[in-house]
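Engineer: could you look at this predicted model? Sequence included:
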Number of protein chains: 2
Amino acid sequence: MIDALRSDESDLYALVESFFRESFSTDNALITEAVRRMLAAGGKRLRPRATLLAAAACGGDPVEHLNLAAYMELIHVATLIHDDVVDNAQTRRGVNATAVDFGNRVSVLAGDYLFAWIFKNVTAGYPHPIPNILSATLADICDGEVLQLRALGDLDHSLDDYIDVARKKTASLFAASAACGAIVGGGDQAAIEALRAFGDSFGIAFQMNDDLLDMTGDAKALGKPVGNDLTERKMTAPVVLALQGGDAAFRKGFAQFYAGSNNDDLPAVVETIAAAGGLRETRRALTSFVERAKEALKPLSESAAKHQLSALADALIPRE
Amino acid sequence: MIDALRSDESDLYALVESFFRESFSTDNALITEAVRRMLAAGGKRLRPRATLLAAAACGGDPVEHLNLAAYMELIHVATLIHDDVVDNAQTRRGVNATAVDFGNRVSVLAGDYLFAWIFKNVTAGYPHPIPNILSATLADICDGEVLQLRALGDLDHSLDDYIDVARKKTASLFAASAACGAIVGGGDQAAIEALRAFGDSFGIAFQMNDDLLDMTGDAKALGKPVGNDLTERKMTAPVVLALQGGDAAFRKGFAQFYAGSNNDDLPAVVETIAAAGGLRETRRALTSFVERAKEALKPLSESAAKHQLSALADALIPRE
């Protein structure tokens, strides 16, 4: 049974899910409820799976590290709860101000409490450097989000700038998830560094995949409107690469769109981005980060877990 | 010079101030700027002073622990930054929604980053249990704030309920500040516990003092309108104690006020609270917590620092 769990990636997912369903609880009922609702909304649990597979790839037993794996997802959930605060003013505009206010208050506090609860448990249960890696990661995430905010609508944002933001905002948590899994799984320094590097490249590819989905996915699967990143004037990979590869007419038209506030025909904007090569070049860049992620795994000895990490990376490459 | 700093409490304050002015910086310029502005707005720096005096009372050299002391103030600053998010919807109502949104985004991220930055430094620089005490304290603060929110306008909120909230929301950080100072100052278990208990009682008295100032202070000194807690329908100590001691007519009138939304004559409301004994009984309760705080220091051997901690507690008793 345990052997099956160790080698079967889908059982690993089930294990994380049942852990959240049956074992997650904090001392504050309102906050536990808010987090449970967030968890029940779904998600691929890629961060905890990275932790568990990294532990297994280093010879550890993933079942022993479910708590640590869960904290990786919960850090992500806490940032999502705070993202909701950020968007409240927009999505609830027009609604009773008291509701907005009460929603914001509880969301800020619930996210803060969750961060604190995670750090309380991690500092009580895990040795140095794990608590330090997690707090440095949270600092990176916030730093990346601030950089992203400051770059909204900035058409000079280069691919290097984009990667810098994605590395902090998104990849840092994947890198930490894999590195911490390697540490508790008993990996040596080379294995820990290999898995950290895997998480870093995986995370950048993941962000590019997310950017593509925002333009090419359907609203139901996304859980948000298509083209939401465009509405927010984010400098996503397809935008950056279309501006880099497109002609002067595209750049001029796109600059007008990002300087304005008209979002009536997002599908047409996506078409111009596609015509300027933005989607194709993003797929190409994404694929190169997937290759780098797999390359990073090379120093590890062969194992089912190593192959599953490779497969997780491959799954980020969109089918055309 | 160092000896003078050790024994002179006002020099300790100057030391904290100059540390913030000259040594505080994070990797994110925008966030450093936001925190500096918050610090420049003033404050008595009671939390870092508690840490430094506790370290000195245990025989340590406070000058060696300025970083840790500063983190105590910065945890407080981060919670204030998040409190501003909470109030944004009210104070900026009517203002351009983009400004509200941008303000909220940066404030949430700046507070999160600051928490993460503090934990990153504490987990790198301080041994167990200090990182654990600080994260547990932050969890308590948030838990207390959620409890306070849920108790808004709840006229059945008892003095025990009030103390439970104040202990978590306010006193936990004073208790942690003093306990961590004792730990790094080399105090034994009894000294650490004595200083933790001092911080706990000091913090509850501090909150009662804050409640009184909201009703009796002047807006300029407070930096916010007098009666703000009443406007928010908070169950402060004077309200709880007036409801407990007042007659049926007072309780009925006050219940109508808290159920409504009229805030036109707050001074008259304060007068009815005063007439029902709310201010007097709060002073009495506050004084008893000051006595408890000083009592908690008894196990410590005599020192200038111990006397200064006593004096800080005495200073919380309002002159009638």
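Structural biologist: Nice, I can see it.
Engineer: quick one: low-confidence parts of the stretch 51-200 of chain A?
Structural biologist: For the stretch 51-200 of chain A, the stretches with pLDDT under 70 are A:86-102.
Engineer: what's the spacing between A:Ser25 and A:Arg251?
Structural biologist: According to CB to CB, to the nearest Å, A:Ser25 stands 53 Å off from A:Arg251. Any C-beta I mention is one placed from the backbone N, CA and C, and that applies to glycine too.
Engineer: likewise A:Ala182?
Structural biologist: In this view, A:Ala182 and A:Arg251 are 44 Å apart by CB to CB.
Engineer: these two: which is more packed in?
Structural biologist: Taking neighbours as other CB atoms under 10 Å in any protein chain shown, A:Ala182 and A:Arg251 compare with A:Ala182 leading, 29 against 15.
Engineer: secondary structure class for the more buried one?
Structural biologist: Secondary structure state of A:Ala182, per DSSP: H, G, I helix; E, B strand; the rest coil, is helix.
Engineer: right, and it touches A:Gln189 too?
Structural biologist: No: the pair A:Ala182 and A:Gln189 does not pass the contact test of CB atoms under 8 Å, sitting 9.5 Å apart.
Engineer: need the residues of the stretch 101-250 of chain A near chain B, please.
Structural biologist: Contacts of the stretch 101-250 of chain A with chain B, taken as CB under 8 Å from any CB of the partner chain, map to A:101-102, A:104-106, A:108-113, A:115-117, A:119-120, A:122-124, A:128-129, A:131-132, A:135-139, A:141-143, A:145-146, A:149-150.
Engineer: give me the buried subset of those residues.
Structural biologist: A:101, A:104-106, A:108-113, A:115-117, A:119-120, A:122-123, A:131-132, A:135-139, A:141-143, A:145-146, A:149 (16 or more other CB atoms under 10 Å in any protein chain shown).
Engineer: what's stretch A:22-37 in contact with?
Structural biologist: With contact meaning CB atoms under 8 Å, 6 or more residues apart in numbering or on different chains, stretch A:22-37 is reached by A:20, A:39, A:66, A:70, A:74, A:77, A:81, A:106-107, A:109-110, A:113-114, A:117, B:139, B:142-143, B:146, B:150.
Engineer: out of the buried ones among the residues of the stretch 101-250 of chain A next to chain B, which are inside helices?
Structural biologist: Counted as lying in helices by DSSP state H, out of these, are A:101, A:104-106, A:108-113, A:115-117, A:119-120, A:122-123, A:131-132, A:135-139, A:141-143, A:145-146, A:149.
Engineer: in the stretch 201-320 of chain A, what residue is nearest chain B?
Structural biologist: Chain B sits closest to A:Ser261 of the stretch 201-320 of chain A, with a gap of 9.7 Å, by CB to the nearest CB.
Engineer: pull the contacting residues for the spatially most central residue of chain A.
Structural biologist: For chain A, the residue sitting closest to the mean C-alpha position, by CA atoms, centre = their mean, is A:Thr170 at 4.6 Å. By CB under 8 Å, 6+ apart, the contact set of A:Thr170 is A:Gly144, A:Gly203, A:Ile204, A:Phe206, A:Gln207, A:Asp210.
Engineer: I'd assumed A:Leu279 was in contact with A:Met245.
Structural biologist: Careful, residue A:245 is Gly and not Met. No: using CB under 8 Å, A:Gly245 makes no contact with A:Leu279, being 10.8 Å away.
Engineer: looking at these two, which one has more neighbours?
Structural biologist: Taking other CB under 10 Å, A:Gly245 and A:Leu279 do not tie; A:Leu279 has more neighbours (23 against 13).
Engineer: in terms of helices and strands, where is the more buried one?
Structural biologist: In this structure, A:Leu279 sits in helix A:278-296 according to DSSP states H and E.
Engineer: with just CA atoms, put that helix into PDB.
Structural biologist: The C-alpha atoms that make up helix A:278-296 are tabulated as PDB, following Å, rounded to 0.1, in the frame of the first residue of the first chain:
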ATOM      1  CA  GLY A 278       3.300  36.300 -29.000                       C
ATOM      2  CA  LEU A 279       1.600  32.900 -28.400                       C
ATOM      3  CA  ARG A 280       4.100  30.900 -30.600                       C
ATOM      4  CA  GLU A 281       7.100  32.500 -29.000                       C
ATOM      5  CA  THR A 282       5.700  32.000 -25.500                       C
ATOM      6  CA  ARG A 283       5.300  28.300 -26.300                       C
ATOM      7  CA  ARG A 284       8.900  28.200 -27.500                       C
ATOM      8  CA  ALA A 285      10.200  29.900 -24.300                       C
ATOM      9  CA  LEU A 286       8.000  27.700 -22.100                       C
ATOM     10  CA  THR A 287       9.300  24.600 -23.800                       C
ATOM     11  CA  SER A 288      12.900  25.700 -23.200                       C
ATOM     12  CA  PHE A 289      12.200  26.100 -19.500                       C
ATOM     13  CA  VAL A 290      10.600  22.600 -19.400                       C
ATOM     14  CA  GLU A 291      13.800  21.300 -21.000                       C
ATOM     15  CA  ARG A 292      15.900  23.100 -18.400                       C
ATOM     16  CA  ALA A 293      13.700  21.700 -15.600                       C
ATOM     17  CA  LYS A 294      14.200  18.100 -16.800                       C
ATOM     18  CA  GLU A 295      17.900  18.800 -17.400                       C
ATOM     19  CA  ALA A 296      18.200  19.900 -13.800                       C
END
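Engineer: buried ones in it?
Structural biologist: Applying a neighbour-count criterion of 16+ other CB under 10 Å, one finds A:278-279, A:281-283, A:285-287, A:289-290, A:292-294, A:296 buried in helix A:278-296.
Engineer: and stretch A:189-200, by the same measure?
Structural biologist: Neighbour counts using 16+ other CB under 10 Å place A:Ala191, A:Ile192, A:Ala194, A:Leu195, A:Arg196, A:Ala197, A:Phe198, A:Gly199, A:Asp200 of stretch A:189-200 among the buried residues.
Engineer: kindly format the C-alpha coordinates of it as CSV.
Structural biologist: C-alpha atoms of stretch A:189-200 as CSV (Å, rounded to 0.1, in the frame of the first residue of the first chain):
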residue,chain,number,x,y,z
GLN,A,189,23.6,19.0,-1.3
ALA,A,190,23.8,18.2,-5.0
ALA,A,191,20.3,16.6,-4.9
ILE,A,192,18.8,19.6,-3.0
GLU,A,193,20.3,22.0,-5.5
ALA,A,194,19.1,19.9,-8.5
LEU,A,195,15.6,19.9,-7.2
ARG,A,196,15.7,23.6,-6.3
ALA,A,197,16.8,24.3,-9.9
PHE,A,198,14.0,22.0,-11.2
GLY,A,199,11.4,24.0,-9.2
ASP,A,200,12.8,27.2,-10.5
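Engineer: give me the contact list for that stretch.
Structural biologist: Applying CB under 8 Å, 6+ apart, the external contacts of stretch A:189-200 come out as A:50, A:54, A:57-58, A:167, A:171-172, A:174-179, A:181-183, A:187, A:292-294, A:296-300, A:309, A:313.
Engineer: and the gap between the residue nearest to A:Asn263 when sequence neighbours are not counted and B:Gln148?
Structural biologist: Counting by CB to CB, 6 or more residues apart in numbering or on different chains, A:Asn263 lies nearest to A:Thr231, which is 5.0 Å off, once chain neighbours are set aside. A:Thr231 sits 36 Å away from B:Gln148, going by CB to CB.
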